[in-house]
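Enquirer: how does the following fold in three dimensions:
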Amino acid sequence: MNAIDLSSVTVGDALPVLTAGPITPLALALFAGGSGDHNPIHLDPEFAALGGFPEVFAHGMLSMAYLGRALTDWAGPTAVRSLSVRFAAITPLRARVACGGEVVEILERDGERLARLTVTATVVDGPVTLVGDALVRIG
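Expert: Below you'll find the model as predicted:
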């Protein structure tokens, strides 16, 4: 399941980058159905235009889901203890999103060895869209 032996994780280690996308109208519709977030700014081009946007754009939570997948791909599906982000920019239609992070601290809590990571989601060749931190069990 894990690509690396997590017992050897140290400060400065990078989370393997997960690249997802491109973001398509179908991906937005499927995410809306799965998440229950049917905000028309993400689905209806005419509504997006009324808001001053050239086209619909991705749900911020879609990029957060990709970021969560990067963490679980690295550490396993039950290892994420927390994930917190701040939305920094929109993810446009047709964008590819690169999710990654870096271990900034190793700590022990409640009998678990944990890594604290700074994490980001970035439009490939574009802006950072999410910044945050995660706490992941590594032993």
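
Enquirer: low-confidence ranges, the chain, go.
Expert: Residues of the chain that meet the criterion pLDDT under 70 lie in 1-4.

Enquirer: you'd agree Pro92 is up against Glu55?
Expert: Yes - Pro92 is within contact range of Glu55, at 7.2 Å (criterion: C-beta atoms under 8 Å). Just so you know, the C-beta spots here come from the backbone N, C-alpha and C atoms, and that holds for glycine as well.

Enquirer: who's more crowded, these two?
Expert: Remark: of Pro92 and Glu55, Pro92 carries more neighbours, 18 against 11, as counted by other C-beta atoms under 10 Å.

Enquirer: which residue lies farthest from the center of the chain?
Expert: Leu50 (28.1 Å; C-alpha atoms, centre = their mean).

Enquirer: off-centre distance for the biggest helix by length in the chain?
Expert: Ranked by residue count and defined by DSSP state H, the top helix of the chain is helix 60-75. Distance of helix 60-75 from the chain centroid (C-alpha atoms, centre = their mean, to the nearest Å) equals 4 Å.

Enquirer: send me that helix as CSV with only the CA atoms.
Expert: Extracted C-alpha coordinates of helix 60-75, given in CSV (Å, rounded to 0.1, in the frame of the first residue of the first chain):
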residue,chain,number,x,y,z
GLY,A,60,-12.5,24.4,-3.7
MET,A,61,-13.4,21.2,-2.0
LEU,A,62,-12.6,19.2,-5.2
SER,A,63,-8.9,20.3,-4.9
MET,A,64,-9.1,19.5,-1.2
ALA,A,65,-10.3,16.0,-2.0
TYR,A,66,-7.3,15.6,-4.4
LEU,A,67,-5.0,16.8,-1.6
GLY,A,68,-6.6,14.2,0.8
ARG,A,69,-6.0,11.5,-1.9
ALA,A,70,-2.3,12.5,-2.1
LEU,A,71,-2.1,12.1,1.7
THR,A,72,-3.9,8.7,1.8
ASP,A,73,-1.9,7.4,-1.3
TRP,A,74,1.3,8.2,0.7
ALA,A,75,0.3,7.1,4.2
